[in-house]
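Asks: take a look and give me a structure for this.
(chains A and B)
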Amino acid sequence: MRIQVNVNGEVREADVEPRLLLVHFIRDTLGLTGTHWGCDTSNCGACTVHLDGEPVKSCTVLAVRANGHEVTTIEGVTPGGADLSLLQQGFREEHGLQCGFCTPGMIMTATALLERTPRPTEDEIREAISGNLCRCTGYQYIIKSIEWAAKHGAPTRVEVMP
Amino acid sequence: MAVETRGGHTFGDRMPRKEDARFIRGRGHYVDDIQLPGMLHSAILRSPFAHARINSIDVSAALEHPKVRAVITGKDLEEQGLAWMPTIAGDTQAVLATDKVRFQGQEVAFVVADDRYSAQDALELIEVDYEPLPVIVETPRALDDDAPVIRDDKAEQTNNVIFEWEHGDREATERAFREADVTVKQEMIYPRVHPAPMETCGAVADYDVGTGKMTIWMTSQAPHAHRTLAAIVTGLPEQQIRIISPDIGGGFGNKVPIYPGYVCVAVASLVLGRPVKWMESRAENLMSTSFARDYHMVGEIAANKDGDILGVRVDVLSDHGAFNAHAQPGDIWPMGFFAIFPSCYDVPAAYAAATGVYTNKAPGGIAYRCSFRVTEAIYLMERTMDVLADELGMDPVELRRKNLIPAEKQPYESVMGWTYDGGDYHAALDEALRIAGYEELLEEQREAREQGRIMGIGVSTFTEIVGAGPKKKCHIAGIEMFDSAELRFHPTGKAVLKIGVQSQGQGHETTFAQIVAGELGIPAEDVEVHHGDTDNTPYGLGTYGSRSTPVGGAATAVVSRRVREKAKKIAAHLLEAAEGDLEWVDGGFQVKGSPGQRKEMGEIAFAAYTNTPPDLEAGLEDVAYYDPPEMTYPFGAYICVVEIDKGTGQVEVKRFIAVDDCGVRINPMIVEGQIHGGLAQGVGTALMEVIEFDEEGNHLNSNFMDYLIPTSMEVPKVWETGETVTPSTHHPLGARGVAESPTVGSPAAVVNAVVDALSPYGVRHVDMPLKPARIWGILRENGVEPF
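Replies: Numbering: from 1, shown residues only, chains lettered A, B, ... in the order given. Here you go, the predicted model:
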């Protein structure tokens, strides 16, 4: 089946099997290996990407479902011209990662959170990332990383909205 | 030429990690990220039975699949002498089953296809005729006279016993028990759990027909040892095997053993002359790669009426699954370092006896974030200590304080034959009590109980034993457990450090650079650390059992000092001074009493290539293979506060205080991160993690819906960490390992807290994991109203 997906602002076309998972389309077909695959059951969140701006676990979304839609991966979160997004900086500043395997998924989930809720409480952060497993950090510094980004953010885009 | 040598980060700094730059961008390079031209994919057919004879395997339909390139069975491997492989415990393990399968999920056939989906499809086309056999799931059943013999492939094996082991002074211990005022005895199970790193295990093998070189990218915590084992197993010349451990997505011991998939993928590449990838699914990871623990223990303590410990006695039944793939640093350690169980206490007599058995479960057990069975030993001791405190009617803190080894007895010779490398255990305990506000906590608990709330406080004090060698005591498959570092300065004063240990997320690229920086006065930013490529790093035994800092870190300090010695000769030449007149001050050599006459490492390195003294070789580099004189003994004092929901039985960890003493800290930020992560794993073990089987040996939780690991919601909001710093008496930097202390010390603290919470109902012990259903049952049995 031929699909056309806007990935990180670029239209990508491919012939795919109808059963191909989005995570494999992203990783194997497009070669964007920042999105990881850690379980088969959408529990771990290592494969989290944005589908039309909403975080989804790409291991349980079919690639064909993304046909005609927009996908953003970790490779696409850096705003134009900037070296790193605020969340990427926050994770480095606050030691929000160790092995780095869950990190792209964490950042994708946190990016969606801050777009919705620019000044989240700790409880809101914990709940938002509760579908992203990390075996290394014990989560405390991940929470701090997201708080760092929220604190340094320029939340004008969302804050003007009710 | 001006070379900048100062500024930047050095030893002891909270330096942000170098490796983060690629990880936060999604530019890490894990095994599954590797794509090679012409690469094929693979899948493993696994046994649906826990114990069954294989009558026949028919792969003909699978071979007809248009995208299948090869199907390998045990019979094919047998012809090459590869159907069985050695385990790190000196046993054998089937690569692909030939005679029978011995656990559910065992590897039966290996399919290679053009893509991963086709490989999976072809599994469905393989017909295996199994004849089910009686199954051993419950560990004690393995010892029954009429139990089926699982390892009938081994001529000498007439029952299911792998080893019988004893250690300590049995007579002295029995005497202590006879003469004691008080003795306690507690049975407990340390359940079978799984390290479950976020990245599963896998490999890409690429055999180059033109050169005869086999390159294997592999999720390996010990690439050099794995290369040697690969050479021994396959017969390929070792210089033509290159193992590369790229970025590793967590290991925790899971990536120490050799797994059948690694062997199969190498064989497939050899046969097909094309690169082949094998990447296991989460279900395969939880079902077939190494579990940990599964220790069935009885702990006993003899004491006088004042609580002075007179003796400790332990009996263990150790479940190793179908093949003994237990991690042990040599054949004299069938129980690893379990004999550390007297721990941080001044115990005059101790004795342990243990039996290891085969069962129809996955092989193991590896040292999951633990230095070879230390976790089981400390859990046993800390649980039994609380039972003794209960028996004596003593505060568990007081009982511990009374028995902790006094600082003045360090370096302490333990009754089990260990020599501890310093430690002030009372200071660590006092610090934990101070952070916790122990007296206030006890008051809070009194009030909570008056209000009908179920609150508990648990304490755990412990010492670990990490950093194997010494090489004379410890080895992996005969290879002595030294470790290595090679340091080379470039002319511009920048350096490359190559190490034999292997990061799986611990941050070696940062901390090892900080060691060089501290020793040689250059910024850590100027030191690039290489690891994980056997063609480009000196031989090392890898990272597990917290051996990176104790052994690899020491090797790095030693090689840095060797390079400094040569640098001194060059500095003397540049300054036209006698070597003996120079001193090392603040990261440079200067003429004694004349700070103006000084050379920094940058200038010295440049001279090493451009202006060497006539009697000295050019270059500035060296290599060190470090043999630790002893292991290091990091220690800690942990306090856990829990509250139990009366209606649901849910345990909430309200607070967790962890005071760790790992000696001198190379990067305090990384140390804290390691402690946080280990504590979360310990809480997971205590509250939710367990691998379960039904009576037929079916694995009941082979996914993250059923095998629960902590999320952000189950851990306390703040890990209240503290520290004391007692330098190691023998490590060149005064450092000890740290990352495993939290996993070792925390499960007991959590369980002690829960038992303390339930103590008004006469509860003295509850086995892990303390899932809501188990606690709910205890509450209902004791007539606690749910609301």
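Asks: low-confidence regions, chain A specifically.
Replies: A:154-162 (pLDDT under 70).
Asks: neighbours of whichever residue of it sits closest to chain B, how many?
Replies: Nearest residue of chain A to chain B, counting by CB to the nearest CB: A:G34, 2.0 Å away. C-beta: built from backbone N, CA, C; applies to glycine. A:G34 has 25 neighbours, counted by other CB atoms under 10 Å in any protein chain shown.
Asks: any idea whether it is helix, strand or coil?
Replies: Classification of A:G34 using DSSP: H, G, I helix; E, B strand; the rest coil returns coil.
Asks: next one: B:D622
Replies: strand.
Asks: how about the strands of chain A, start to end?
Replies: Secondary structure of chain A by DSSP state E: the strands cover A:2-7, A:10-15, A:48-51, A:54-57, A:70-72.
Asks: contacts for the third one?
Replies: With contact meaning CB atoms under 8 Å, 6 or more residues apart in numbering or on different chains, strand A:48-51 is reached by A:22, A:26, A:35, A:55-58, A:61, A:65-66, A:69-74, A:104-106, A:108-109, A:111-112, A:132.
Asks: grab the nearest non-local neighbour of B:I216.
Replies: B:A205 (4.8 Å; CB to CB, 6 or more residues apart in numbering or on different chains).
Asks: mind listing what the one you found touches?
Replies: So B:A205 contacts B:M214, B:T215, B:I216, B:V265, B:A266, B:A268, B:S269, B:L270, B:P275, B:V276 (CB under 8 Å, 6+ apart).
Asks: again, only using 6 Å
Replies: B:A205 sits next to B:I216, B:V265, B:A266, B:S269, B:V276 when contact means CB atoms under 6 Å, 6 or more residues apart in numbering or on different chains.
Asks: that's a strand at it, yeah?
Replies: Yes - counting by three-state DSSP, B:A205 is found in a strand.
Asks: partner residues bridging it?
Replies: B:I216, B:V276 (DSSP bridges).
Asks: just the pLDDT at it, thanks.
Replies: Here, the pLDDT recorded for B:A205 equals 98.
Asks: how much space separates it from chain A?
Replies: According to CB to the nearest CB, to the nearest Å, B:A205 and chain A sit 18 Å apart.
Asks: please tell me how far that residue sits from B:G540.
Replies: 22 Å (CB to CB, to the nearest Å).
Asks: still on that earlier bit, buried members of the contacts of B:A205 into ChimeraX, please.
Replies: Applying 16 or more other CB atoms under 10 Å in any protein chain shown to the contacts of B:A205, the buried members can be selected in ChimeraX as follows:
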select /B:216,265,266,269,276
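Asks: out of the contacts of B:A205, which comes closest to B:P595?
Replies: B:I216 (52.8 Å; CB to CB).
Asks: give me the distance between that closest one and chain A.
Replies: Distance, B:I216 to chain A, by CB to the nearest CB: 19 Å.
Asks: around chain B, which positions in chain A sit nearby?
Replies: Chain A comes close to chain B at residues A:33-34, A:38-41, A:43-44, A:46, A:74-75, A:88, A:91-92, A:95, A:97-104, A:126, A:129-130, A:135-140, as judged by CB under 6 Å from any CB of the partner chain.
Asks: what's whichever helix in chain B runs longest in contact with?
Replies: Counting by DSSP state H, the longest helix found in chain B is helix B:554-575. By CB under 6 Å, 6+ apart, the list of residues contacting helix B:554-575 from outside reads B:483-485, B:487, B:512, B:515-516, B:519-520, B:579, B:582, B:589, B:597, B:599, B:604, B:607-608, B:613, B:616, B:622, B:624, B:626, B:731-733.
Asks: picking that back up, a markdown table for the strands of chain A, including distance to B:P148?
Replies: Formatted as a markdown table, the strands of chain A follow (distance: least, CB to CB, whole Å):
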| stretch | distance to B:P148 |
| --- | --- |
| strand A:2-7 | 53 |
| strand A:10-15 | 52 |
| strand A:48-51 | 46 |
| strand A:54-57 | 43 |
| strand A:70-72 | 53 |
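Asks: could you find the closest non-adjacent residue to B:G311?
Replies: B:A176 (2.9 Å).
Asks: the residue lying closest to B:A748 once chain neighbours are set aside and B:R373, how far apart?
Replies: By the measure of CB to CB, 6+ apart, the closest residue to B:A748 outside its immediate chain neighbours is B:E382, 3.4 Å from it. Separation of B:E382 from B:R373 (CB to CB) stands at 15 Å.
Asks: and B:D146, its phi and psi?
Replies: Main-chain dihedrals, B:D146, degrees, to the nearest 10: phi -100, psi 10.
Asks: run a quick neighbour tally on the residue in chain B positioned nearest to chain A.
Replies: Closest contact between chain B and chain A, by CB to the nearest CB, is at B:G26 (2.0 Å). Neighbour count of B:G26, defined by other CB under 10 Å: 24.
Asks: pretty sure it contacts A:I74?
Replies: Yes - counting by CB atoms under 6 Å, A:I74 is a contact partner of B:G26 at 3.4 Å.
Asks: wait, is B:S460 part of a helix?
Replies: No - applying three-state DSSP, one finds B:S460 to be strand, outside a helix.
Asks: OK, contacts around it?
Replies: B:E382, B:Y638, B:G745, B:A748, B:A749 are the contacts of B:S460 under CB under 6 Å, 6+ apart.
Asks: switch the cut-off to 10 Å
Replies: Shown in contact with B:S460 (CB atoms under 10 Å, 6 or more residues apart in numbering or on different chains): B:343, B:378-379, B:381-383, B:385-386, B:396, B:400, B:432, B:636-640, B:658, B:682, B:744-753.
Asks: so which elements touch the strand or helix carrying B:F656?
Replies: Following DSSP states H and E, one finds B:F656 within strand B:651-661. Counting contacts by 3 or more CB pairs under 10 Å, 6 or more residues apart in numbering or on different chains; DSSP states H and E, strand B:651-661 packs against helix B:425-436, helix B:438-450, strand B:454-463, strand B:635-644, helix B:668-687, strand B:719-723, helix B:741-758, helix B:772-781.
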